[in-house]
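Requesting a structural model of the entry that follows:
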Amino acid sequence: MLETDGPYGGAECSSTNHSHHVGFEDSVYMQTQMTGRFYTDLRSKNVFINQPDNYFYQGGQKTGMGYSEDQYSLPRWEDLSVSRQGMFDDTYYRTPTQGW
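Take a look at the predicted model:
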């Protein structure tokens with residue numbers, strides 16, 4: 001089993017001196033494609049994958065539910081309440097067994 005805490009989706013790369021993408025405009029797209037290929041390769045080797053993003057079609061099995069980095073500055077009881085509500089809300093988009 002592999003549990004990843006990344007990649008961080010949506011981070012643009014403006015580098016012009018490597019072969020991972022052509023320019024700034026396609027950097028997020030290419031990162032998404034490479035991540036998808038990485039997860040597909042892991043599944044072909046029978047590795048169970050927990051990932052933070054929605055890569056279910058590329059082999060991921062579970063993703064975070066009730067997670068929002070915006071809430072972690074809240075007082076503890078508010079954070080717990082918001083997290084529990086978020087987990088409940090996420091069950092409208094995925095089955096409970098798809099989340100951790």
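
which stretches of the protein have low pLDDT?
When the per-residue scores of the chain are filtered using pLDDT under 70, the ranges that remain are 6-10, 67.

What ranges does this structure have for its helices?
With DSSP state H applied, the chain shows helices at 27-44, 76-90, listed in chain order.

Make JSON lines from those helices and add distance to residue 15 and mean neighbour count to it.
C-beta: built from backbone N, CA, C; applies to glycine. Supplementary listing: these in JSON lines, determined by distance: least, Cβ to Cβ, whole Å; neighbours: other Cβ atoms under 10 Å:
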{"stretch": "helix 27-44", "distance to residue 15": "8", "mean neighbour count": "15"}
{"stretch": "helix 76-90", "distance to residue 15": "35", "mean neighbour count": "13"}
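
Tabulate the ones you listed (TSV), appending distance to residue 98.
Converted to TSV, the helices of the chain look like this (distance: least, Cβ to Cβ, whole Å):
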stretch	distance to residue 98
helix 27-44	15
helix 76-90	9
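
can you tell me which of those comes nearest to residue 53?
Comparing the helices of the chain by their distance to residue 53 (Cβ to Cβ), the top pick is helix 27-44, with 7.9 Å.

Since that was my last question, I'll sign off now.
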